[in-house]
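In: Pasting a predicted model and its sequence here:
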There are 2 protein chains.
Amino acid sequence: MQLFLDCLPCLHRQVLEAARQTTDDVAVQSRIMDRAAATLTRRRAYATAPAMAEAMHSIVREETGADDPYRAVKDRDMAAALGLEPMLWEYAATGEDPLTTALKVAATGNVMDSAIYADLDIAGCVTAELDRPFARCDVDALSADLGTARTVLVLGDNAGEAVFDKVLLSRLGEGREVTYAVRGRPIINDATLDDARSVGVDAHATMMSSGCAAPGTILEWCTDEFLALFRDADVVISKGQGNFEALSSVERPVYFLLKAKCAMVAGDLGVAVGDYVFLRRDPD
Amino acid sequence: MQLFLDCLPCLHRQVLEAARQTTDDVAVQSRIMDRAAATLTRRRAYATAPAMAEAMHSIVREETGADDPYRAVKDRDMAAALGLEPMLWEYAATGEDPLTTALKVAATGNVMDSAIYADLDIAGCVTAELDRPFARCDVDALSADLGTARTVLVLGDNAGEAVFDKVLLSRLGEGREVTYAVRGRPIINDATLDDARSVGVDAHATMMSSGCAAPGTILEWCTDEFLALFRDADVVISKGQGNFEALSSVERPVYFLLKAKCAMVAGDLGVAVGDYVFLRRDPD
């Protein structure tokens, strides 16, 4: 998905949040915002929002020296998600269609994305969000694909969400090899190998770094090992907006599982902002 | 009030809205956003948000040739406000304290500010907003000042709001000369002389242009005639956020009448976002 004009102020606002999360020094925050504004003037150098976001958040790292500015946020989100985990497994066990229910649990984890919902009462809204049905759900296509699939690749998104993903990974793993790919280094609140391991994802899937440090899987920045799996996996499930923005028109079928959080993504998907989507997209 | 880092993405977002309001040509919208981003990199040249907003919206005018990009928005807002006008006079006649009620009507007009509330259901929310009390109201100080005041200057804000202001101007005008000052040229959805006249403000006050084309009364950009009145008027009432941002630390007592719409202004006023305020501020 292209970088929209609407993305520019949104990314600039997000980098201010990241700066404040990392330092109380207003002079440093100002420098970050000035360099970010200069980045906005070079927008044509970035094909997608995740690509520009990577550049923006690199500025925060460079100016503050903090390798993982959202460390505290991720720790808070992961702890909150772990607190909810028993309820998530229980919920998954009671749904009418186990696969749809597992997909819905994993999609609902997407509200753990503090990068956008800075003041979200996480625990309070998860139950309500779980009960919201998908606006679009290609679960029948997935069921058919899983009938013959031996390898499944799931692209993770934010750190807290990884706890929710365990429910889906467990379901997908019945008779298949499942790999969970995460960012190559800390970026915003996205999960890294350490984050995913610390919440126990390794009990349900093989874990792998994509090598990409953008908040979306930009294939040009991924490792050869990841690209081989991305090409050869029987089923690829991509989670979250950032991965969708980076992969919406790649040369293989991909299932996108996300909550549409902004008007640009919702518009591309043909749904309303806030809607949950599980969509198979094939190459043009 | 200073230009905050938070203002930068907000102004950039607002200029995109203005660009889209004015032209469907995406190439022109892109050029406007690029020039606006370049303006962000020169933020130190602007003392306040209204000053940068003026520069931003000048870009829209220059790139589109449209002298009044919010013409249709203002026409819609003024028509909606005129439709509500009988109810406003009725409401003003029934309040316990006529002056507070007139102030509240004028403050509520502030929700007509489509620059921030792009999708607001104007008619639907006015009644509810009228019933929200001021979070802070220095009406006793105003009553005392009005006891001896012979000249009152009211600084207008957006065009639809001017209809609401008639109720206040009428109340202030009992035994006093009242002047209603507006922008020197169209800027966002702010009232100009033509706008104010077209909704009948001239029946309740002398009208004057401040000469300033920013969405806030920046004294350096005002005419000598306006500055003389601003200096000499017995009472000055400034409406809206933009005027507050421009005038929050001037060298004379000013009453500020507004709804705090953003966290920066609310923080400066010590109230919550969404609160109504009528505040007398004196020079330090």
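Out: Looks like it arrived, so ask away. Residues are numbered from 1 along each chain as shown, chains lettered A, B, ... in the order given.
In: who are the neighbours in contact with the residue most central in space within chain A?
Out: Using CA atoms, centre = their mean, the residue of chain A that lies closest to the mean C-alpha position is residue A:157, 2.3 Å off. Residue A:157 sits next to A:109, A:110, A:113, A:190, A:191, A:239, A:240, A:242, A:243, A:258 when contact means CB atoms under 8 Å, 6 or more residues apart in numbering or on different chains. All C-beta spots, glycine's among them, are computed from the backbone N, C-alpha and C.
In: The first one: neighbour count?
Out: Taking other CB atoms under 10 Å in any protein chain shown as the criterion, the count of residues near residue A:109 is 31.
In: now it: how far from residue A:179?
Out: Taken as CB to CB, to the nearest Å, the spacing of residue A:109 relative to residue A:179 amounts to 18 Å.
In: Quick one: name the residues of chain A near chain B.
Out: By CB under 8 Å from any CB of the partner chain, the part of chain A that sits against chain B consists of A:5-6, A:8-10, A:12-13, A:16, A:29-30, A:33-34, A:37-38, A:40-41, A:43.
In: Restricted to buried residues, select these in PyMOL.
Out: Per 16 or more other CB atoms under 10 Å in any protein chain shown, the buried members of the residues of chain A next to chain B correspond to this PyMOL selection:
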select buried, chain A and resi 5+6+8+9+10+12+13+16+29+33+34+37+40+41+43
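In: Among the residues of chain A next to chain B, which ones are in helices?
Out: A:8-10, A:12-13, A:16, A:29-30, A:33-34, A:37-38, A:40-41 (DSSP state H).
In: how about the strands of chain A, start to end?
Out: A:136-137, A:151-155, A:177-182, A:206-209, A:235-239, A:254-259, A:276-281 (DSSP state E).
In: which stretch among those strands comes nearest residue B:169?
Out: The closest of these to residue B:169 is strand A:254-259. By CB to CB, the value is 48.4 Å.
In: That closest one - contacts with which helices or strands?
Out: helix A:98-108, strand A:235-239, helix A:240-247, strand A:276-281 (3 or more CB pairs under 8 Å, 6 or more residues apart in numbering or on different chains; DSSP states H and E).
In: Kindly provide the distance from the residue of the stretch 151-284 of chain A found nearest chain B to residue B:9.
Out: Here the residue of the stretch 151-284 of chain A nearest chain B is residue A:263; by CB to the nearest CB that distance is 11.2 Å. The spacing between residue A:263 and residue B:9, counted by CB to CB, is 16 Å.
In: Does residue A:145 touch residue A:234 like I think?
Out: Yes: using CB atoms under 8 Å, residue A:145 is in contact with residue A:234, at 6.9 Å.
In: picking that back up, relative to residue B:105, which of the strands of chain A is closest?
Out: Among the strands of chain A, strand A:254-259 sits nearest to residue B:105 (CB to CB), with 41.0 Å.
In: pretty sure residue A:134 is touching residue A:279, no?
Out: No: using CB under 8 Å, residue A:134 is not in contact with residue A:279, being 9.2 Å away.
In: can you pull the contacts of residue A:243?
Out: A:155, A:157, A:216, A:217, A:256, A:258.
In: now for those, which pair is the farthest apart?
Out: Maximum pairwise distance among the contacts of residue A:243 (CB to CB): 12.9 Å, between A:217 and A:258.
In: who's more crowded, these two?
Out: For residue A:217 versus residue A:258, neighbours defined as other CB under 10 Å are more numerous around residue A:217 (31 against 24).
In: Verify the stated contact: that one with residue A:246.
Out: Yes: under the criterion of CB under 8 Å, residue A:217 makes contact with residue A:246 at 5.1 Å.
In: Might you list the low-confidence residue ranges for chain A?
Out: For chain A, the stretches with pLDDT under 70 are A:113-124.
In: Would you map out the domains in it?
Out: The record's domain parsing of chain A by automatic domain parsing lists A:7-64, A:71-281.
In: what's the span of the first one from first residue to last?
Out: Across its full length, domain A:7-64 reaches 24 Å between end residues, using CA to CA, to the nearest Å.
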